[in-house]
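Peer 1: sharing a model that was predicted from the sequence below.
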Protein chains: 2
Amino acid sequence: MRLLLISNSTNPGEPYLDYPKYNIKEFLGDKPIKALFIPYAAVTFSYDEYEAKVNSRFQEIGHSVVGIHHFDDPKKAVQEADVIIVGGGNTWKLVRTMRDNGIIDLIGQKVKAGTPYIGWSAGSNVACPTLRTTNDMPIIDPKGFDVINLVPFQINPHYLDVHPEGHGGETREDRINEFITENQDMYVVGLREGTMLNQEGDSLKLIGNKSARIFKYGQEARELQPTDSFDFLLG
Amino acid sequence: MRLLLISNSTNPGEPYLDYPKYNIKEFLGDKPIKALFIPYAAVTFSYDEYEAKVNSRFQEIGHSVVGIHHFDDPKKAVQEADVIIVGGGNTWKLVRTMRDNGIIDLIGQKVKAGTPYIGWSAGSNVACPTLRTTNDMPIIDPKGFDVINLVPFQINPHYLDVHPEGHGGETREDRINEFITENQDMYVVGLREGTMLNQEGDSLKLIGNKSARIFKYGQEARELQPTDSFDFLLG
């Protein structure tokens, strides 16, 4: 299986999808690819706008995407895809629309059979067993919390250490500690912005210039570096 | 109907439930009340610990609470309650446990029949039609997004304006804009920390020293002060 699971599309102050573009290029290779793009996480802008935004960056690395919304039959589009890319936005909207279109299990089968998968933010969330470590507001009922289940652990994208000063709400670490208390058998990877996980067969690595924070019930949270092995997460 | 819907239990650096205690006292009156307390939003600490924490503050204002977990029959406990208080924590855990115990609709009937209701944070979330404006991590499937439905609008508790510097994730306003795009008929009240909504019959007021931010699809977000009328939200 080949996965590139990116924490965030964009670092503040930079153009959309700029920082990970060379990692995407390396993942996709030199031969021009026209990937299937799933823009369903978009809420406040259109699928066409989303597709155009991604294409303007992909053009710089010699690849392109076509939005699944252009196909009459989304299932067939998935079955015939060379590469599947799931963009960020609202995880709940993404999952509900994927479920309504009947493509969640199909994507799982296709990627497990060898089709490369790229996701960022919500697109990394849905590569996990469930959406239960999303940061997003549950603006729509996803009709079930199970998602694509490509990896056997949970990712918390946009993981952050800072907490707004003077704010009484839970920190991100508090929230993940609640998750592992309720889900004691699951690992959670706090994937900081500017970093990504890359699975190639049985090997899982961290890419980027920050460590990832690993949470498991009953264990002290720990920091793993890009030089460390993440293979234990594959179970 | 009598409601006190508080944004947050505690301001940073202050003792638990300290800032709203005189508002709670005024809401409950002088006659000592033993309120039914629903501690189900607790995840990383016990219901007994939660009850004790609330009681140590309530003692200062001449009232007390008893946790619903001490009753063999939670439905009967709700039916016989003089006042119902729902504490904060994880909204998803709260809703799932209330649903498993069959008390969501019962609380609605009881409060609509006149029993006063106090909630803070998750406890204010569940007074709304759905949990879809929670900030919490969806650590457990609530088996349905509908909640108690005491008010016809949505509250976003712990509403905040600041955003961690250099963070690429959505602001709170971004998230609520996604919500109203997906739910165009609903008002959302961004209820800042240190503030609360008080409904007495057909009158709804804001209490505290900050304004509330009102969101509705197709309208500019606006700030309403404690001196403004909020009655239009009651529809």
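Peer 2: Cool, got the structure. Numbering: from 1, shown residues only, chains lettered A, B, ... in the order given.
Peer 1: the strands in chain A, which residues?
Peer 2: For chain A, applying DSSP state E gives strands covering A:2-6, A:34-38, A:64-67, A:84-86, A:117-120, A:154-159, A:188-192, A:196-200, A:203-207, A:212-215, A:222-224.
Peer 1: of those, which is nearest chain B?
Peer 2: Minimum separation from chain B across those (Cβ to the nearest Cβ) falls at strand A:154-159, 4.1 Å. (Glycine included, C-beta is placed from N, CA and C.)
Peer 1: tell me which residues touch the residue nearest in space to the middle of chain A, please.
Peer 2: By Cα atoms, centre = their mean, chain A has its centre lying nearest to residue A:124, at 1.1 Å. Residues in contact with residue A:124 (Cβ atoms under 8 Å, 6 or more residues apart in numbering or on different chains) are A:5, A:6, A:7, A:88, A:155, A:157, A:191, A:196, A:197.
Peer 1: how about the closest residue to it other than its chain neighbours, what does it touch?
Peer 2: Ranked by Cβ to Cβ, 6 or more residues apart in numbering or on different chains and with sequence neighbours excluded, the top spatial neighbour of residue A:124 is residue A:5, at 4.1 Å. By Cβ under 8 Å, 6+ apart, the residues touching residue A:5 are A:118-120, A:123-124, A:127, A:151, A:155, A:191, A:196-199.
Peer 1: my read: residue A:143 touches residue A:102, true?
Peer 2: No: under the criterion of Cβ atoms under 8 Å, residue A:143 makes no contact with residue A:102, lying 11.7 Å away.
Peer 1: and residue A:125, how many neighbours does it have?
Peer 2: Here the count is done by other Cβ atoms under 10 Å in any protein chain shown, and residue A:125 has 30 residues near it.
Peer 1: tell me if I'm right that it and residue A:91 touch.
Peer 2: Yes: in this structure, residue A:125 is within contact of residue A:91 by Cβ under 8 Å, at 5.0 Å.
Peer 1: identify the contacts common to the two.
Peer 2: By Cβ under 8 Å, 6+ apart, the residues touching both residue A:125 and residue A:91 are A:131, A:134.
Peer 1: confidence score at the residue lying farthest from the centre of chain A?
Peer 2: Ranked by distance from the centre of chain A (Cα atoms, centre = their mean), the top residue is residue A:166, with 30.7 Å. With respect to pLDDT, residue A:166 has a value of 86.
Peer 1: next: residue A:235.
Peer 2: You'll see residue A:235 listed with a pLDDT of 86.
Peer 1: who's in contact with it?
Peer 2: Taking Cβ under 8 Å, 6+ apart as the criterion, residue A:235 is in contact with A:152, A:153.
Peer 1: and it, how far is that from chain B?
Peer 2: As for residue A:235, its distance to chain B is 21 Å (criterion: Cβ to the nearest Cβ, to the nearest Å).
Peer 1: kindly report the same for residue A:172.
Peer 2: Distance of residue A:172 to chain B, computed by Cβ to the nearest Cβ: 9 Å.
Peer 1: state the number of residues packed around the nearest residue in space to that residue that is not next to it in sequence.
Peer 2: Leaving aside its sequence neighbours, residue A:172 sits nearest to residue A:160 (Cβ to Cβ, 6+ apart; 5.6 Å). Residues lying near residue A:160 (other Cβ under 10 Å) number 19.
Peer 1: can you map out the helices along chain A?
Peer 2: With DSSP state H, the ranges of helices along chain A come out as A:21-28, A:47-58, A:74-79, A:91-100, A:104-112, A:122-125, A:172-182.
Peer 1: deepest in the core, which of the ones you listed is it.
Peer 2: Comparing the helices of chain A by mean neighbour count (mean count of other Cβ atoms under 10 Å in any protein chain shown), helix A:122-125 comes out on top with a mean of 29.
Peer 1: and that one, C-alpha only, in CSV?
Peer 2: What follows is helix A:122-125, C-alpha atoms only, in CSV (Å, rounded to 0.1, in the frame of the first residue of the first chain):
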residue,chain,number,x,y,z
ALA,A,122,-9.6,15.9,6.5
GLY,A,123,-8.2,13.6,3.8
SER,A,124,-5.7,12.2,6.3
ASN,A,125,-8.4,11.8,8.9
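Peer 1: if we can go back for a sec, tell me the pLDDT at the closest residue to the residue farthest from the centre of chain A other than its chain neighbours?
Peer 2: Closest residue in space to residue A:166, ignoring its immediate chain neighbours: residue B:12 at 5.4 Å, by Cβ to Cβ, 6+ apart. pLDDT for residue B:12: 91.
Peer 1: same thing with the one 3 residues further on?
Peer 2: The predicted structure scores residue B:15 at 95 on the pLDDT scale.
Peer 1: could you do residue A:162 as well?
Peer 2: 89.
Peer 1: I'd like to know how far it sits from chain B.
Peer 2: For residue A:162 relative to chain B (Cβ to the nearest Cβ), the value is 5 Å.
Peer 1: same question for residue A:89.
Peer 2: Distance, residue A:89 to chain B, using Cβ to the nearest Cβ: 8 Å.
Peer 1: how about that residue, what does it touch?
Peer 2: Residue A:89 sits next to A:39, A:40, A:41, A:42, A:43, A:50, A:121, A:122 when contact means Cβ under 8 Å, 6+ apart.
Peer 1: any chance of those in JSON lines with distance to chain B as columns?
Peer 2: Shown next, in JSON lines, are the contacts of residue A:89 (distance: Cβ to the nearest Cβ, whole Å):
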{"residue": "A:39", "distance to chain B": "14"}
{"residue": "A:40", "distance to chain B": "12"}
{"residue": "A:41", "distance to chain B": "10"}
{"residue": "A:42", "distance to chain B": "10"}
{"residue": "A:43", "distance to chain B": "4"}
{"residue": "A:50", "distance to chain B": "14"}
{"residue": "A:121", "distance to chain B": "8"}
{"residue": "A:122", "distance to chain B": "11"}
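Peer 1: so which of those would you say is closest to residue A:113?
Peer 2: residue A:40 (22.1 Å; Cβ to Cβ).
Peer 1: might you list the low-confidence residue ranges for chain A?
Peer 2: Scanning chain A for pLDDT under 70 picks out no residues.
Peer 1: so who does the closest residue to residue A:146 other than its chain neighbours touch?
Peer 2: Leaving aside its sequence neighbours, residue A:146 sits nearest to residue A:130 (Cβ to Cβ, 6+ apart; 5.6 Å). Neighbour list for residue A:130: A:145, A:146, A:147, A:154 [criterion: Cβ under 8 Å, 6+ apart].
Peer 1: quick check: the two most widely separated of those residues?
Peer 2: Taking Cβ to Cβ, the two most distant members of the contacts of residue A:130 are A:146 and A:154; they sit 12.2 Å apart.
Peer 1: neighbour count for these two, which is higher?
Peer 2: Higher neighbour count among residue A:146 and residue A:154: residue A:154, with 24 against 16, using other Cβ under 10 Å.
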